[in-house]
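Undergrad: need the 3D shape of this:
(2 chains)
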Amino acid sequence: MNHTLITLNKLAERLLRGPILGLLILLAGWSAAAAQDVIQPANSPVSIRVTHLMGFEGASHNANGTLSIQDDSLQFQKSGKPAVEVKIASVQDVFLGCQSKQVGGLPMTLGKAAVPFGGGRAISLFAHKKYDTLTVEYVDTNGGAHGAIFQMNKGQAEALRNELVARGIHVSDSEDETKQSGAEVTSENK
Amino acid sequence: MKTNKRVSWFVLAAVIIAMTVALPPQWPAETRAAKSGSNIPVAEQWAVQVDKVDASEVNLAPSFQIAIYESLLDEMSKTKRFKQVLRDGDRNAGDVSDLLILKTTVEKYTPGSETRRAVTTVSGATKLTVHSQLCKRDGRVILERTVSGNVRFMGSNLRATHNLARNVAKTIKQSSLPAASPSAPATSGQL
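TA: Numbers count the residues shown, from 1 in each chain, chains lettered A, B, ... in the order given. The predicted structure is shown next:
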């Protein structure tokens, strides 16, 4: 009896040291990362993980970071870098949009190209994801017009929109870019 | 078999050496100096103010309009053709003597799909065509062109705006602008 208990204990220890422990660590890490997508610290009403596509002065293109509203400013902070911000009073208009993008980037594209018999094309049918886009129009101290575009996970723009509306900023829902037809739009058609 | 392998390695090495000799790497500073248009005296250069994109006649998403505007500012700076690149509404523009205004009107827009491009290769291209005008303060047009930009194979839809801005900047760089003095004849063309 005693011998059986000792054997079971050893087996459990081995399992915990091995792949199960690794799996647990992986799961913990993944859940922590998922929780970071929408961060809501006590002093900030809304803080969202975004990708800055272009236009926010002082931030590099395609930079991942956190977009938040701090007091009277809209702030973008790339991890480990100082935050860049614009005064909310200088924001003139905000547009929400939606677009579909392929996931995986260049490695995925190369991987798909390597799949024989055109299998990569079939993968492309499923390897895309919808994102929300937030376009912010603002002016600098000289009166120069700026436009910044941020991309975030689907549904996250809603929280930011509500916060901006609460602060008196005009927010427009732009057309869903994924729903637009492939038809050509020309000025002559109008 | 072994000899064949050795020969192919030799050929590969020869090609790499030939390419290295023919196309020596350019350091950023050298490239900047070469491309800066240093033969144009700064005093004769114009300043340019980039106006917001007019897409009133085409149903273009605001993110695309902003992306074209921001990309144009980036690309115009890269040309080194202008002594200053100013934004729409910049109060400093009033103090600049030789100022040109870049007006961009979207003429045609074909919304594409990144997924369609990835699946079919031949369809789903995002295409943009704009009419660009370089005007003086008094509204006199000194250069106008119709320029296109698109994304056909790889890249997101917004990449079309970057390609378009690059083409506009390239067109302006290749065009001969009149000297930065008041009386200059108007030229027009079509690409």
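Undergrad: so how far is residue A:121 from residue A:99?
TA: 21 Å (C-beta to C-beta, to the nearest Å). To be clear about C-beta, it is placed using only N, CA and C from the backbone, and glycine gets the same treatment.
Undergrad: now the spatially most central residue of chain B, what's its secondary structure?
TA: By C-alpha atoms, centre = their mean, the mean C-alpha position of chain B lies nearest to residue B:166, the distance being 1.9 Å. Under DSSP: H, G, I helix; E, B strand; the rest coil, the three-state class of residue B:166 is helix.
Undergrad: can I assume it is in contact with residue B:75?
TA: Yes. Look at residue B:166 against residue B:75 with C-beta atoms under 8 Å: they come within range, at 5.3 Å.
Undergrad: for whatever helix or strand residue B:63 lives in, buried residues please.
TA: Applying DSSP states H and E as the criterion places residue B:63 in helix B:62-79. For helix B:62-79, the neighbour count (16 or more other C-beta atoms under 10 Å in any protein chain shown) marks B:62-76, B:78-79 as buried.
Undergrad: does stretch A:55-62 come close to chain B?
TA: Yes. Under the criterion of C-beta under 8 Å from any C-beta of the partner chain, stretch A:55-62 makes contact with chain B via residue A:55.
Undergrad: picking that back up, give the contact list for the residue nearest to the centre of chain B.
TA: B:71, B:75, B:149 (C-beta atoms under 8 Å, 6 or more residues apart in numbering or on different chains).
Undergrad: could you find the closest non-adjacent residue to residue B:92?
TA: The shortest distance from residue B:92 to any non-neighbouring residue, by C-beta to C-beta, 6 or more residues apart in numbering or on different chains, is to residue A:142 (5.7 Å).
Undergrad: which secondary structure state does the one you found sit in?
TA: Three-state assignment for residue A:142 (three-state DSSP): coil.
Undergrad: I'd assumed residue B:90 was in contact with it.
TA: Yes. Contact status for residue A:142 versus residue B:90: in contact at 5.1 Å, counting by C-beta under 8 Å.
Undergrad: more neighbours, the two?
TA: residue B:90 (19 against 12; other C-beta atoms under 10 Å in any protein chain shown).
Undergrad: got a pLDDT number for the residue nearest to that one when sequence neighbours are not counted?
TA: Nearest non-adjacent residue to residue B:90, counting by C-beta to C-beta, 6+ apart: residue A:144, 4.0 Å away. We have a pLDDT of 94 for residue A:144.
Undergrad: angle of the helix or strand residue A:96 falls within against helix B:62-79?
TA: Element membership of residue A:96 [criterion: DSSP H and E] is strand A:91-102. Relative orientation of strand A:91-102 and helix B:62-79, computed by axes from the mean of the first three to the mean of the last three C-alpha atoms, to 10 degrees: 90 degrees.
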